[in-house]
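Undergrad: This is a predicted model, with the sequence first.
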Amino acid sequence: MSAKKANLSGELKKYFGFSTFKGQQEKIIENLLEGKDIFVLMPTGGGKSLCYQLPALISEGTAIVVSPLIALMKNQVDAVNGLSSEDGVAHVLNSSLNKTQTKQVFDDIKSGKTKLLYVAPESLIKEDYLEFLKDVKISFVAIDEAHCISEWGHDFRPEYRNLKSIIDKIADVPVIALTATATPKVQDDIQKTLGMSNALVFKESFNRPNLYYEVQPKVNVDKEIVRFISQNKGKSGIVYCLSRRKVEEFAQLLQVNGINALPYHAGLDQKIRVANQDKFLMEEADVIVATIAFGMGIDKPDVRFVIHYDFPKSLESYYQETGRAGRDGGEGHCLAFYDPKDIEKLEKFLAQKPVSEREIGLQLLNEVVGYAETSMSRRQYILYYFGENFDPIKGDGAKMCDNSSNPPKLKDATGDLEKVLALINDTGEKFKSKDLISVIVGKENAVTKSYKLEQNSYFGFGKEKTENHWKTILRQATVQNFLQKDIETYGVLKMSEKGKQSLNNKLEQPFLIAEDREFDLSQTK
Ligand code: ADP
């Protein structure tokens, strides 16, 4: 093993020029080379690509890399080919290739030259490709951006759903799935869909201690952003907007204000889009104003701020987008502007979608609202969302958010929590937050009626406090691990071990909460 280790370090140096592995890369690669299925959850910038690129380069045969975006694949192929003096070490296989090009790819694979073959899932089902791939030596399959498999991910691609059966048709080889966005629900979904329940899971902390999180009410937003950027003149930053129109308008507004900004969205002419991206990467433009189309696969280490003009549709998107700040470990300010009306607009938009998509979309939006309105440590909130416990006092980066650097007053809500735990226990741990709150404040709805909850002795016990207060209690009890969201049903609140113990023995420490922040902006506009 040690000889192999020494060897891996040598290969790392030889191909990538790095002297040490990052995080768990080495363990991941060793296990993959031993033939195990692997599941990697690592934040953006953690070094996922190397986890399959290096073993592919040193294995016999070709590794298939499934990736969702053609642009992303092209970047990677160029990068890999740049590592070697030979051409054709990496190829993309898709229908944009003409006959000669496709033959070249096939020839390079047959001759053993090609070590990495990038394909989109929709290409993989093409009969010609399948037939060809069945007959050549495949080293392993890597599934990049594996969250695309899950409807609970922020970027669901139906074509990812059938990957398991396609891979089974091609070869019996190890599979490595990788993602930077995995809530426990998405993680569970990926493993089930890929039949990887026994895979070795490597999860790295999603904590980015150098990023500062801040949410401001969306009032005078144009002026506020101009002021922020002017105070950070010369620094590199991204401003995300939801619509293309807003992107163009706001980029212009920044330009008028003497800020070196350019727009980026999928509706722009390809040439302009690429030119704008390059100018940003080459430091000819300080700020890029963009829709979510910008950022996948962009590796600019010194982005100093990411501003959300509009809140995105999910915390995964928010985290991925903010994750583009401070990749070099330096300063990274993440500033988001929040208005509940924006969320209402997104909800209306979801109303036109099929039921399951709508339900999921609403749940995800609910989490966004929770994050925006919370008074707790934002880092603790978001890391909990990714299945990680974070100590808001001693954890790495504990002071790095608006709420933590300027903590709100805490209130003792021990009595309220005890009653909530008793209610959840008494009603069989089968209700979602919304319905529990109805019971607490004594408001009938279809669910309370069908379960006859009006007859429960707890019905209406908390009616003298606001629904918002109880929402806060439930959210903070979840983040502080008294309650947990059921993975199967998502949203149903169950007791955690800690919750059960507290129920029996009372709480060891007082349950302190900060009321969520009020965001009624109607008076201020
Ligand atoms: P991810 O896909 O997880 O976002 P990447 O694979 O793009 O991350 O890697 C992020 C950056 O880290 C890249 O610039 C890459 O070259 C660098 N990197 C990866 N592994 C190492 C390593 N062992 N040592 C130094 N830099 C590394």
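TA: Noted; the coordinates are in hand. Remember, predicted model here, so these are calculated numbers, not experimental data. Numbering: from 1, shown residues only.
Undergrad: C-alpha only now, for contacts and for neighbours.
TA: Fine.
Undergrad: So which residues of the stretch 351-500 of the chain form strands?
TA: If you assign secondary structure with DSSP state E, counting those that start in this stretch, the strands in the stretch 351-500 of the chain sit at 411-412, 483-485, 493-495.
Undergrad: List the residues that contact whichever residue of the stretch 201-350 of the chain sits closest to the ligand.
TA: Nearest residue of the stretch 201-350 of the chain to the ligand, counting by C-alpha to the nearest ligand atom: Asp299, 6.4 Å away. Residues touching Asp299, when contacts are defined by C-alpha atoms under 8 Å, 6 or more residues apart in numbering, comprise 45, 324.
Undergrad: Can you tell me how far it is from Tyr213?
TA: Taken as C-alpha to C-alpha, to the nearest Å, the spacing of Asp299 relative to Tyr213 amounts to 21 Å.
Undergrad: ok so, going back, can you check which of the strands of the stretch 351-500 of the chain gets nearest to Ala290?
TA: Of all the strands of the stretch 351-500 of the chain, the one in closest proximity to Ala290, counting by C-alpha to C-alpha, is strand 483-485 (33.7 Å).
Undergrad: what does that closest one contact?
TA: By C-alpha under 8 Å, 6+ apart, the list of residues contacting strand 483-485 reads 474, 477-478, 491-496, 499.
Undergrad: Can you tell me how far the residue of the chain most remote from its centre is from the ligand?
TA: In the chain, counting by C-alpha atoms, centre = their mean, Gln455 sits farthest out from the average C-alpha position, at 41.8 Å. For Gln455, the distance to the ligand (C-alpha to the nearest ligand atom, to the nearest Å) stands at 52 Å.
Undergrad: related to what we said a few turns ago, with mean pLDDT added, can I get the strands of the stretch 351-500 of the chain in a markdown table?
TA: Written out in a markdown table, the entries for the strands of the stretch 351-500 of the chain read as follows (pLDDT from 0 to 100):
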| stretch | mean pLDDT |
| --- | --- |
| strand 411-412 | 88 |
| strand 483-485 | 88 |
| strand 493-495 | 93 |
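Undergrad: Tell me which of the ones you listed sits nearest to the ligand.
TA: The ligand sits nearest to strand 483-485 of all those, at 27.5 Å, using C-alpha to the nearest ligand atom.
Undergrad: one step back: switch the strands of the stretch 351-500 of the chain over to JSON lines; also include mean neighbour count and distance to the ligand.
TA: As requested, the strands of the stretch 351-500 of the chain are exported to JSON lines (neighbours: other C-alpha atoms under 10 Å; distance: least, C-alpha to the nearest ligand atom, whole Å):
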{"stretch": "strand 411-412", "mean neighbour count": "12", "distance to the ligand": "40"}
{"stretch": "strand 483-485", "mean neighbour count": "22", "distance to the ligand": "28"}
{"stretch": "strand 493-495", "mean neighbour count": "22", "distance to the ligand": "32"}
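Undergrad: Get me the contact residues on this protein for the ligand.
TA: Remark: the part of the chain in contact with the ligand comprises 18, 20-22, 43-50, using C-alpha under 6 Å from any ligand atom.
Undergrad: Could you dump those residues into CSV with secondary structure and neighbour count added?
TA: As requested, the residues of the chain next to the ligand are arranged in CSV below (DSSP: H, G, I helix; E, B strand; the rest coil; neighbours: other C-alpha atoms under 10 Å):
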residue, secondary structure, neighbour count
Phe18, coil, 13
Thr20, coil, 13
Phe21, coil, 16
Lys22, coil, 13
Pro43, coil, 21
Thr44, coil, 22
Gly45, coil, 18
Gly46, coil, 18
Gly47, coil, 14
Lys48, helix, 23
Ser49, helix, 14
Leu50, helix, 18
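Undergrad: Can you say which two of those residues are spatially most distant?
TA: Phe18 and Pro43 (19.7 Å).
Undergrad: re earlier: closest to Glu224 out of the strands of the stretch 351-500 of the chain?
TA: Of all the strands of the stretch 351-500 of the chain, strand 411-412 sits nearest to Glu224, with 31.6 Å by C-alpha to C-alpha.
Undergrad: so how far is the closest one off the chain centroid?
TA: Put simply, strand 411-412 sits 32 Å off its chain's centre (C-alpha atoms, centre = their mean, to the nearest Å).
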